[in-house]
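> let's see this in three dimensions:
(one chain, ligands or ions: 2)
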Amino acid sequence: MLILNKTAGVVFKTSKRKVHEFLQSFNFHPGTQFFHKIVLGIETSCDDTAAAVVDETGNVLGEAIHSQTQVHLKTGGIIPPVAQQLHRENIQRIVQEALSASRVSPGELSAIATTTKPGLALSLGVGLSFSLQLVDQLKKPFIPIHHMEAHALTIRLTNKVEFPFLVLLISGGHCLLALVQGVSDFLLLGKSLDIAPGDMLDKVARRLSLTKHPECSTMSGGKAIEHLAKQGNPFNFDIKPAMQRAKNCDFSFTGLQHIIDKIIMQKEKEEGVEKGHILSSAADIAATVQHTTACHIVKRTHRAILFCKQRDLLPQRNAVLVVSGGVASNLYIRRALEILTNATKCTLLCPPPRLCTDNGIMIA
Ligand code: KG4
Ligand code: ZN
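Ligands and ions are numbered 1, 2, ... in the order given. Here you go, the predicted model:
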């Protein structure tokens, strides 16, 4: 609650008039009887403005999302004030679209759930400010949501998964391994000591100038790396995996980023290519970074599976590993994790891509 108030105090700027106008635009149905509780979920922790209306049985009644990816691709990364401004410009429309699609009026909602942490303070503040105004005007309960817990629990919307299960969250902003023992009972087993894998892949893609590549100009960094890696050889460069001796389940990706930086500099010299232009060895470099990332993620996850099984924290057979986050949509990394789960008699589950990345449904 402390963080909630702090964040709200810094960026509480949505005007009351705006929210009032927004509410006026709906037709209320005061006589309608509802058998299910209905929650509006709002997500603005990073660069997606998202909202969804979900009932208590998990039915998604309406959803809307605005992605800022194309803007951030042009500026070469997320600039927090830019992300904040884009959230401000889109939040009302997105919430309105989600509610309209659900045919639920604001008065019929049982509660409003909003991401309050972790994330970019400026981005979080927009969703929070908008939600608190709605909560105030509608006199509805407010549910603060932990973004990572929402990611971890999303799988229960699509699959019947019993507690406990292991979750691996890998995206542009997250990298963690946790044992999920209950709805709000998490045991953190490992996290990145520096940057997240998606952040590293985005940086490598930028260094390779992949937005100038005709095949991947509109793709996120990670997706561009996956696309190009299909045409490359992952074994052209000899790279030692990170943290081979670390007896924990933590991750590290900056070392790999620096090694790849050096390789790119060396290749630019060899090929006589200036920084900012596409190397002929770009596909090999993409394949190498993808392969090394997959190996590192698999090794740290293997340690977590062994740790949990040795301590009877997970069942010996058919323990579930859930993998989510933007990087989880990478089929090479998924395949590597599938080899691990087959070898350790575990079951690998991934939410569908639209639920892997940030969305309003997971918050609702
Ligand atoms: O979960 P997400 O949409 O947002 C957060 O970071 O929370 O993940 C976005 C990240 C970006 O870093 C993007 O480059 C990466 O996921 N990503 C991928 C792929 N698609 C997106 N990384 C590897 N392979 C992909 N196919
Ligand atoms: Zn996320």
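> who does the helix or strand hosting residue 113 pair up with?
Using DSSP states H and E, residue 113 maps to strand 111-117. Taking DSSP bridges as the criterion, strand 111-117 forms sheet pairs with strand 38-43 (parallel), strand 142-146 (parallel).
> show me what the next helix or strand after it packs onto, helices and strands only.
Remark: after strand 111-117, the chain's next helix or strand is helix 121-138, criterion DSSP H and E. Identification of packing neighbours for helix 121-138 by 3 or more CB pairs under 8 Å, 6 or more residues apart in numbering; DSSP states H and E yields helix 2-11, helix 16-24, strand 38-43, helix 80-102, strand 111-117, strand 142-146. Glycine gets a C-beta too; all of them are placed from N, C-alpha and C.
> and those as a markdown table, adding distance to residue 312 and mean neighbour count?
Shown next, in a markdown table, are the helices and strands packed on helix 121-138 (distance: least, CB to CB, whole Å; neighbours: other CB atoms under 10 Å):
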| stretch | distance to residue 312 | mean neighbour count |
| --- | --- | --- |
| helix 2-11 | 34 | 14 |
| helix 16-24 | 51 | 13 |
| strand 38-43 | 35 | 26 |
| helix 80-102 | 42 | 19 |
| strand 111-117 | 32 | 23 |
| strand 142-146 | 27 | 17 |
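> least reliable of those by average pLDDT, please.
Note on the helices and strands packed on helix 121-138: helix 2-11 shows the lowest mean pLDDT, a mean of 34.
> for the closest residue to ligand 1 within the stretch 151-300 of the chain, which non-adjacent residue is closest in space?
The minimum distance from the stretch 151-300 of the chain to ligand 1, using CB to the nearest ligand atom, falls at residue 222 (2.0 Å). In this structure, residue 222 finds its nearest non-sequential neighbour in residue 201, 4.1 Å apart by CB to CB, 6 or more residues apart in numbering.
> how far off centre is the helix or strand hosting the one you found?
Element membership of residue 201, judged by DSSP H and E, is helix 197-207. Relative to the centre of its chain, helix 197-207 is centred 15 Å away, using CA atoms, centre = their mean, to the nearest Å.
> for stretch 216-232, same thing?
18 Å.
> flag every buried residue along that stretch.
Using 16 or more other CB atoms under 10 Å as the test for burial, stretch 216-232 gives 216, 219-229, 232.
> ok, back up a step: if you count contacts, what does the helix holding residue 201 end up packed against?
Counting contacts by 3+ CB pairs under 8 Å, 6+ apart, helix 197-207 packs against helix 221-229, helix 254-271, helix 282-310.
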